[in-house]
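Student: Fold the following and give me the result.
(2 chains)
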There are 2 protein chains.
Amino acid sequence: MELLKQRILRDGKVYPGNILKVDSFLNHKIDTSLTREMAREFSAIFAGTGVQKILTVEASGIALAFAVACEFGVPLVFAKKSQTKNLSSAVYSACAASYTHGCQYDLIVAKEHIAAHEKILVIDDFLALGEALDGLFGICKQARAEIIGAGIAIEKGFQGGGDRLRERGLRIESLAIIQSMDSGSIVFRD
Amino acid sequence: MELLKQRILRDGKVYPGNILKVDSFLNHKIDTSLTREMAREFSAIFAGTGVQKILTVEASGIALAFAVACEFGVPLVFAKKSQTKNLSSAVYSACAASYTHGCQYDLIVAKEHIAAHEKILVIDDFLALGEALDGLFGICKQARAEIIGAGIAIEKGFQGGGDRLRERGLRIESLAIIQSMDSGSIVFRD
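Tutor: Numbering: from 1, shown residues only, chains lettered A, B, ... in the order given. Alright, predicted model coming up:
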């Protein structure tokens, strides 16, 4: 998506350790207009797939996921992050690791909020190693829901998470895939 | 707001310890249609106040705050919760306590995302003791921004946080104020 790529080039900041900071428009301060444009793009990409629910994970994916849910006219469920080891039997849970923060956490969704055979589209702002996304897919499988795929704003292609999921036959659609950002210079995948 | 009150009566669940669970439409699974109606209501309530930015706190306030930001055509900033004690000089921070979880945490906003004299409307899904809200107001003051007030979906009036803030001259507008929920029966304030 050209609009997003241009914005990343203009306002994104690259830090050591392959950190891309886009908190001026995507995940701390949120540009509502850009977010709605991205949602419309996902609405076109996943048109005709019969989306019944959007699933994301707190916190930075929620705004985009909400905008996508509005486009499809369906509810949004966001998985909660928990470090508690005492999980209730009333929740689906999956372990995930954060690339930027390093810590392990559990993703949790109350069982009552995902139904068997429900067609789920996962939305998130970032995809790097793909562990959060894999956790969300895991929750869908536990619920015996139907995974349509995932829509991602920015994928760090060089970290391989997206391609590993695609090799497993999952549909992963990213609006901007970064091929490399060595020396602070951002190059997108064609 | 009658639509919200009816939904609380229909789908809200009261648990011991004055816990009101509304996670089937407000803060885990999100009803996008209701959320947009609430946003339109806030747009009417705060019309003419010159809102320039919406401020909320992760995670459950984000969807509603985003919808309100879209109504006003302004950016959204969400404060992050942090338990780290090593805060950067590049952020505003305020301490807050969660009524439901008991733990203390810091609210953090990067200084670059709030400007002096900017007109800020705070949006959140819940108001009980008001400590998160008070923290957000504190961040606005540190930034020397202009606080328009706060729009809240559900206020637990009997816990007094909203009224304490009103007594300080702050404009707090809640779409549903619960006067009592003894014995599991929800009564709204007129």
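
Student: what does chain A have sitting close to chain B?
Tutor: Residues of chain A lying close to chain B by C-beta under 8 Å from any C-beta of the partner chain are A:23-24, A:28-33, A:35-36, A:58-60, A:62-63, A:66-67, A:69-70, A:73-78, A:80, A:109-110, A:112-113. For glycine as for every other residue, the C-beta is placed from the backbone atoms N, C-alpha and C.

Student: Confidence-wise, which helix or strand of chain A is lowest on average?
Tutor: One helix or strand of chain A scores below all others by mean pLDDT, DSSP states H and E: strand A:91-97, with a mean of 87.

Student: strands paired with whichever strand in chain A runs longest, and their directions?
Tutor: Longest strand in chain A, counting residues (DSSP state E): strand A:146-156. Take DSSP bridges as the rule and strand A:146-156 pairs in its sheet with strand A:119-127 (parallel), strand A:172-180 (parallel).

Student: Deepest in the core, which of the ones you listed is it.
Tutor: Highest mean neighbour count of the strands paired with strand A:146-156: strand A:119-127, a mean of 23 (counted as mean count of other C-beta atoms under 10 Å in any protein chain shown).

Student: Just the mean pLDDT for the helix or strand following that strand, thanks.
Tutor: Next along the chain after strand A:119-127, taking DSSP states H and E as the criterion, comes helix A:131-142. Throughout helix A:131-142, pLDDT has a mean value of 96.

Student: Would you mark the buried spots in helix A:131-142?
Tutor: Neighbour-count burial for helix A:131-142 flags A:E131, A:A132, A:L133, A:D134, A:G135, A:L136, A:F137, A:G138, A:I139, A:C140 (criterion: 16 or more other C-beta atoms under 10 Å in any protein chain shown).

Student: Pick the one among these closest to A:I172.
Tutor: Nearest to A:I172, judged by C-beta to C-beta, of the buried residues of helix A:131-142 is A:L133 at 7.8 Å.

Student: Quick one: residues contacting the closest one.
Tutor: The contact partners of A:L133, taken as C-beta atoms under 8 Å, 6 or more residues apart in numbering or on different chains, are A:V122, A:D124, A:L127, A:A150, A:I152, A:G161, A:L165, A:I172.

Student: Thought A:F126 was touching the fifth one, still the case?
Tutor: Yes: here A:I152 lies in contact with A:F126, judged by C-beta atoms under 8 Å, at a distance of 7.0 Å.

Student: quick one on the thing from earlier: tabulate the strands paired with strand A:146-156 (a markdown table), appending mean pLDDT.
Tutor: Formatted as a markdown table, the strands paired with strand A:146-156 follow (pLDDT from 0 to 100):
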| stretch | mean pLDDT |
| --- | --- |
| strand A:119-127 | 98 |
| strand A:172-180 | 98 |
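
Student: which helix is the longest one in chain A?
Tutor: helix A:32-45 (DSSP state H).

Student: For that helix, name the packing helices and strands.
Tutor: The contact analysis (3 or more C-beta pairs under 8 Å, 6 or more residues apart in numbering or on different chains; DSSP states H and E) places helix A:32-45 against helix A:2-11, helix A:62-72, strand A:146-156, strand A:172-180, helix B:62-72.

Student: Redo those as CSV? Include distance to B:D11.
Tutor: Output for those, formatted as CSV (distance: least, C-beta to C-beta, whole Å):
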stretch, distance to B:D11
helix A:2-11, 36
helix A:62-72, 18
strand A:146-156, 25
strand A:172-180, 33
helix B:62-72, 16
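
Student: From the residues of chain A next to chain B, list just the buried residues.
Tutor: A:23-24, A:28-32, A:35-36, A:58-60, A:62-63, A:66-67, A:69-70, A:74-78, A:80, A:109-110, A:113.

Student: that older thread, tell me which of the buried residues of helix A:131-142 is nearest to B:K13?
Tutor: A:I139 (22.4 Å).

Student: For the closest one, which non-adjacent residue is spatially closest?
Tutor: A:Y92 (4.5 Å; C-beta to C-beta, 6 or more residues apart in numbering or on different chains).

Student: Correct me if wrong: that neighbour contacts A:E112.
Tutor: No: checked against C-beta under 8 Å, the pair A:Y92 and A:E112 is beyond contact range at 10.4 Å.

Student: Which strand residues bridge the most centrally placed residue in chain A?
Tutor: When C-alpha atoms, centre = their mean is applied to chain A, the residue found nearest the centroid is A:D124 (1.8 Å). A:D124 has these beta-bridge partners by DSSP bridges: A:I152.

Student: any low-confidence regions in chain A?
Tutor: A:83-87, A:97-103 (pLDDT under 70).

Student: what pairs with A:V91 across the strands?
Tutor: Counting by DSSP bridges, A:V91 is bridged to A:A110.

Student: That one: neighbour count?
Tutor: Counted with other C-beta atoms under 10 Å in any protein chain shown, residues neighbouring A:V91 total 19.
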